[in-house]
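S.K.: this one's structure only:
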């Protein structure tokens with residue numbers, strides 16, 4: 001580490017950090033001066049690394065965008081993932097519920113990043129069938145028991161939890177729009193609410209579908225879902 005960082009390095013780094021705090025990302029076309037300072041000046045990057053470490057965040061460059069990503073246990077920026085999931089019942093309070101939600105997110109990601117024909121949008125009710133089909137494919141594998149042990153991923157428990165929920169409550173006034181976690185569609189909608197809040201997908205309400213953002217593609221592929229782990233889950237589910 002360079003112990004002779006200048007005040008100018010810290011000043012520029014602080015400006016970048018404040019921009020990232022406000023917007024979550026920084027593109028060259030939006031602020032060329034700050035973007036190029038990060039790209040070209042090692043002192044600025046080092047100063048920013050110190051600031052980000054103290055603030056419990058990660059700053060990463062993916063393609064042409066600099067992103068600020070709070071760590072899992074960061075509660076200063078309101079992005080404590082475990083708290084978001086547990087307290088708001090988005091992913092659930094048990095490991096099996098978390099695995100189920102992770103699986104759903106992986107299925108959504110796979111649809112948007114399919115190498116052959118990536119989806120440009122997904123109708124939200126269709127996600128129920130996509131998840132069920134993925135689980136059924138996984139459970140039909142002859143080596144499912146060995147795969148679960150190897151990956152420490154209990155697909156059977158996730159399947160049981162998923163099937164214990166009704167598709168949607170026809171008697172509820174919201175019907176298919178419910179966010180009740182007693183319904184499959186409710187679990188999916190709450191996950192989508194989280195993804196939308198983090199600017200990973202855009203929800204087209206009048207058509208009841210989601211479209212991926214560039215941020216989704218960059219971060220899900222390069223950060224949120226560890227690439228090796230993502231591939232393992234996709235292989236288990238046979239969705240790629």
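M.R.: Received, thanks. Only a predicted model underlies this, so the values are computations on that prediction, with no experimental measurement involved.
S.K.: Neighbours of residue 109, how many?
M.R.: Residue 109 is flanked by 24 other residues according to other C-beta atoms under 10 Å. Bear in mind the C-beta positions are built from the backbone N, C-alpha and C, glycine included.
S.K.: Reduced to three states, what does it come out as?
M.R.: Counting by DSSP: H, G, I helix; E, B strand; the rest coil, the backbone at residue 109 sits in helix.
S.K.: Report the spatially nearest residue to residue 28, omitting neighbours in sequence.
M.R.: Computed as C-beta to C-beta, 6 or more residues apart in numbering, the closest residue to residue 28 that is not its neighbour in sequence is residue 35, at 4.2 Å.
S.K.: and the protein, what are its domains?
M.R.: As assigned by automatic domain parsing, the chain contains the domains 7-70, 81-237.
S.K.: CSV for those, including mean pLDDT?
M.R.: Formatted as CSV, the domains of the chain follow (pLDDT from 0 to 100):
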stretch, mean pLDDT
domain 7-70, 90
domain 81-237, 80
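S.K.: I'd assumed the residue nearest to residue 28 was in a helix, is it?
M.R.: Yes. Counting by three-state DSSP, residue 35 falls inside a helix.
S.K.: Surely it and residue 19 touch.
M.R.: No. If you go by C-beta atoms under 8 Å, residue 35 and residue 19 don't touch, sitting 9.5 Å apart.
S.K.: anything in contact with each of these two?
M.R.: Common contacts of residue 35 and residue 19 (C-beta atoms under 8 Å, 6 or more residues apart in numbering): residue 26.
S.K.: how about the strands in this protein?
M.R.: Remark: strands assigned in the chain by DSSP state E are 25-27, 57-62, 65-70, 122-123, 201-204, 209-212.
S.K.: With residue 103 as the reference, name the closest of those.
M.R.: strand 122-123 (15.3 Å; C-beta to C-beta).
S.K.: Other residues contacting that closest one?
M.R.: 108, 111, 112, 130, 207, 208, 209, 210.
S.K.: between the strands of the chain, which gets nearest to residue 176?
M.R.: strand 122-123 (11.0 Å).
S.K.: and the gap between residue 188 and residue 144?
M.R.: Computed as C-beta to C-beta, to the nearest Å, the residue 188 to residue 144 distance reads 24 Å.
S.K.: More neighbours: which of these two?
M.R.: Each of residue 188 and residue 144 has its neighbours counted (other C-beta under 10 Å); residue 188 has more, 24 against 14.
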